[in-house]
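Trainee: Using only what follows, build the 3D model:
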Amino acid sequence: GPWALAALLVLATLFTTTTLGAGFFLSTRTDLTTDLPFWIGAETVGRVWSDPELLTTGLSFALPLVLILLCHELGHYLVCVRRGIPTTPPLFLPLPALLGTLGAFIRIRAPIRDRRELLDVGVGGPLAGFAALLPFLVYGVARSTPAAVVPVPAGADPSALLLVPGGNLAMALLTRLFHGPLPEGGVLDLHPFALAAWFGLLATALNLLPIGQLDGGHILFAAAGELQRRLAPALWVGLALVGVVWPGWLFWCLLLVLIGLRHPPVVSMEPGLDRRRLAVALLALVLFALSFSPVPLVWIPVGG
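Mentor: Purely as a prediction, here's the structure:
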């Protein structure tokens, strides 16, 4: 049944994110190096699952990550159950490359009745996901270590490439709180929990983009109605411009064109949002501001 499939996909995602998370974590550290590939093959699986230290590192990244994504989808799912909206259980998307997952989703099997229902369903996921990632983020950043990057001298070949997860406001504020301002060129060697929370923040920001049928599109359409449909092309162009500094956004732009930029109508546009729901929509905007990173991930050449 659907729940058996959901459980199977969770286990598959836990396997892929554990296997690839070990190499991803090591690639972000200034004090460690790795030659683990960013795809799943016999070598990667054999090395990670036969080495207790690598396996522990992978699990320290994968378990909080899967929990964060699960909480996000359960936030949507439980609102649907409470509202009597038929839906699938949370379904994960394992990926045999990069970080091991493309996230998770639920499929709603009936039209949304009105804007209040749309807001409740749309905001349930980001709120639950953010609440789940916050303890991992706070603990992980507190346990992370400031480090200096050795710059590559002019004309010299770099001895290694350092993978640096891009800054967002939430991580920047916590880094300053726990470690003070980092020196010029300084980075934070992230704890695995902080790395998992970073991915959770990236997933939150992607979901809260106020376009199409993403959570942010649901929220903006619930709050502003037809204005979302008029704003959507301009918001898409804005995201494409951010793609100048990080090409990954251009892939997301292409995906959004395929999904559709304008939010589909709900059964009834009335009633509109009450004050409490408008406040929750504003809270979602704050979460987007805290989570969004113009350059989520960057390779930095470093010297020996």
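
Trainee: average pLDDT across stretch 294-304?
Mentor: Averaged over stretch 294-304, pLDDT sits at 81.

Trainee: The closest residue to I108 other than its chain neighbours: neighbouring residues, count only.
Mentor: Distance criterion C-beta to C-beta, 6 or more residues apart in numbering; nearest residue to I108, sequence neighbours excluded, is T87 at 4.9 Å. For the C-beta atoms, the positions are set from N, CA and C on the backbone; glycine is no exception. Applying other C-beta atoms under 10 Å, we find 19 other residues in the vicinity of T87.

Trainee: do the same with L36
Mentor: Going by other C-beta under 10 Å, the residues that sit close to L36 add up to 19.

Trainee: Ok, the one 4 residues further on next?
Mentor: The burial metric for I40, expressed as a neighbour count using other C-beta under 10 Å, is 18.

Trainee: nearest spatial neighbour of it, skipping sequence neighbours?
Mentor: P96 (4.1 Å).

Trainee: Give me the pLDDT for the one you found.
Mentor: pLDDT for P96: 91.

Trainee: so where's the chain uncertain?
Mentor: Screening the chain residue by residue with the criterion pLDDT under 70, one finds the ranges 151, 153-159, 303-304.

Trainee: Need the residue closest to the centroid of it.
Mentor: Closest to where the C-alpha atoms of the chain average out (C-alpha atoms, centre = their mean) is A203, at 1.9 Å.

Trainee: that's a helix at it, yeah?
Mentor: Yes. Secondary structure of A203 (DSSP: H, G, I helix; E, B strand; the rest coil): part of a helix.

Trainee: For the residue lying closest to it once chain neighbours are set aside, the count of nearby residues, please.
Mentor: Nearest non-adjacent residue to A203, counting by C-beta to C-beta, 6+ apart: G103, 5.6 Å away. Using other C-beta under 10 Å, G103 has 17 neighbouring residues.

Trainee: now swap in T33 and tell me
Mentor: T33: 12 surrounding residues under other C-beta under 10 Å.

Trainee: same question, the one 4 residues further on
Mentor: P37 is surrounded by 13 other residues when neighbours are defined as other C-beta under 10 Å.

Trainee: Can you name the residues that contact it?
Mentor: Residues in contact with P37 (C-beta atoms under 8 Å, 6 or more residues apart in numbering) are G23, E43, T44.

Trainee: Could you list the buried residues of stretch 244-254?
Mentor: Of all the residues in stretch 244-254, those buried under the rule 16 or more other C-beta atoms under 10 Å are W246, W249, W252, C253.

Trainee: typo on my end, it should be stretch 220-229
Mentor: Residues of stretch 220-229 classed as buried under the neighbour-count rule (16+ other C-beta under 10 Å) are L220, F221, A222, A223, A224, G225, Q228, R229.

Trainee: Now do that stretch: distance to the chain's middle.
Mentor: Taking the mean of its C-alpha atoms, stretch 220-229 sits 24 Å from the chain's own mean (C-alpha atoms, centre = their mean, to the nearest Å).

Trainee: Give me the contact list for it.
Mentor: By C-beta under 8 Å, 6+ apart, stretch 220-229 touches 115-116, 118-119, 122, 210, 217, 231, 262-263, 266, 269, 272-273, 277-278, 281.

Trainee: buried subset of the residues you listed?
Mentor: 115-116, 118-119, 122, 210, 217, 231, 262-263, 266, 273, 277, 281.

Trainee: can I get those residues in a markdown table with secondary structure and distance to L32?
Mentor: Below are those laid out as a markdown table (DSSP: H, G, I helix; E, B strand; the rest coil; distance: C-beta to C-beta, whole Å):
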| residue | secondary structure | distance to L32 |
| --- | --- | --- |
| R115 | helix | 50 |
| R116 | helix | 50 |
| L118 | helix | 46 |
| L119 | helix | 45 |
| G122 | helix | 40 |
| P210 | coil | 39 |
| G217 | helix | 40 |
| L231 | helix | 45 |
| R262 | coil | 47 |
| H263 | coil | 45 |
| V266 | coil | 50 |
| L273 | coil | 49 |
| R277 | helix | 47 |
| A281 | helix | 43 |
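
Trainee: out of these, which one sits closest to A12?
Mentor: Proximity of these to A12 (C-beta to C-beta) peaks at G122, which lies at 27.2 Å.

Trainee: Doesn't E184 lie inside a helix?
Mentor: No. Using three-state DSSP, the secondary structure at E184 is coil, not a helix.

Trainee: Can you give me the neighbour number for it?
Mentor: 7.

Trainee: And for A234?
Mentor: For A234, the neighbour count with other C-beta under 10 Å is 9.

Trainee: how much space between it and L261?
Mentor: The gap separating A234 from L261 is 10 Å, by C-beta to C-beta, to the nearest Å.
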